[in-house]
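Colleague: model the structure of this input:
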Amino acid sequence: MIKISVPTANPAELQRGLEAAAAVFKERNVDPRDGADGLFALEGYDLSGFDPTDAPSDAEWAAIEAWQRAGEAALEAVCRDWSADRKRPDSARLQVIIHEAQTVDRATALTRLRALAGAEAGRREFGEPTHAMLADVVADDLEDRDVAFELVAAVTIAYTTLSLSQFHPDEPIEPKRQALRDAIDQLEVGTAALLS
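Modeller: Numbers count the residues shown, from 1 in each chain. Predicted structure coming up:
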């Protein structure tokens, strides 16, 4: 299952884009997860300095091309009826759904983040990264991806600090909890323009 994000698109436009992307994957007989894995392989190839031994396989290249074409088809479908004065984004952001948290709406994501801030007691080393998925939902349609990354990263860092409090029992936990609440507030304010 996949989801798409296109800043300023309405639900009907997003559904049209989702259907167009799904049609590309079906036509090319590529599972969207393989497309995402192909992009990961491509990133590794890039990080290796394009070392031929790290090059994606033929199947990975096919999956990468399907992913890219699906993104193009999604954007074309979403923006099909847009007027000339409506700013068209450069791309549609595709995501493979791996957790139910990625499917909630913005208000629910913020509510769940705040609940996590209140419930986390610093008693575990590693947990499911639900906080990052929820923060990403809130920042999903932010056109400036660098700002979105910074806002999501701030929540993730604050959550991690709180969740690892067990390793510092001599330090008060409440300032760490408040830091997470502050990061969530900044995420909400920093993405509020999406609502206007």
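Colleague: spatially central residue for the protein, please.
Modeller: With distances taken as CA atoms, centre = their mean, the residue of the chain nearest its centroid is Asp136 (4.6 Å).
Colleague: any buried residues in the longest helix along the chain, and which?
Modeller: Secondary structure assigned by DSSP state H gives helix 58-79 as the longest helix of the chain. The neighbour-count check on helix 58-79 (16 or more other CB atoms under 10 Å) flags 60, 62-64, 66-71, 73-75, 77-79 as buried. Just so you know, the C-beta spots here come from the backbone N, C-alpha and C atoms, and that holds for glycine as well.
Colleague: how about the helix or strand containing Asp46, which residues are buried there?
Modeller: Secondary structure assignment for Asp46, by DSSP states H and E: helix 32-47. Neighbour-count burial for helix 32-47, counted by 16+ other CB under 10 Å, picks out 32, 34-39, 41-42, 45.
Colleague: again, but for stretch 79-94
Modeller: 79, 89, 92-94.
Colleague: tell me which of those fall in helices.
Modeller: Reading helices off those with DSSP H, I get Cys79.
Colleague: how about JSON lines for the buried residues of stretch 79-94, with distance to Thr111 and pLDDT added?
Modeller: Output for the buried residues of stretch 79-94, formatted as JSON lines (distance: CB to CB, whole Å; pLDDT from 0 to 100):
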{"residue": "Cys79", "distance to Thr111": "31", "pLDDT": "96"}
{"residue": "Pro89", "distance to Thr111": "28", "pLDDT": "89"}
{"residue": "Ala92", "distance to Thr111": "27", "pLDDT": "90"}
{"residue": "Arg93", "distance to Thr111": "23", "pLDDT": "89"}
{"residue": "Leu94", "distance to Thr111": "26", "pLDDT": "93"}
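Colleague: could I get the buried residues of stretch 79-94 as CSV with distance to Leu113?
Modeller: Formatted as CSV, the buried residues of stretch 79-94 follow (distance: CB to CB, whole Å):
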residue, distance to Leu113
Cys79, 31
Pro89, 26
Ala92, 25
Arg93, 20
Leu94, 23
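Colleague: which one of the buried residues of stretch 79-94 sits closest to Thr8?
Modeller: Pro89 (7.9 Å; CB to CB).
Colleague: for that closest one, what are phi and psi?
Modeller: Backbone torsions of Pro89, given as degrees, to the nearest 10, read phi -70, psi 170.
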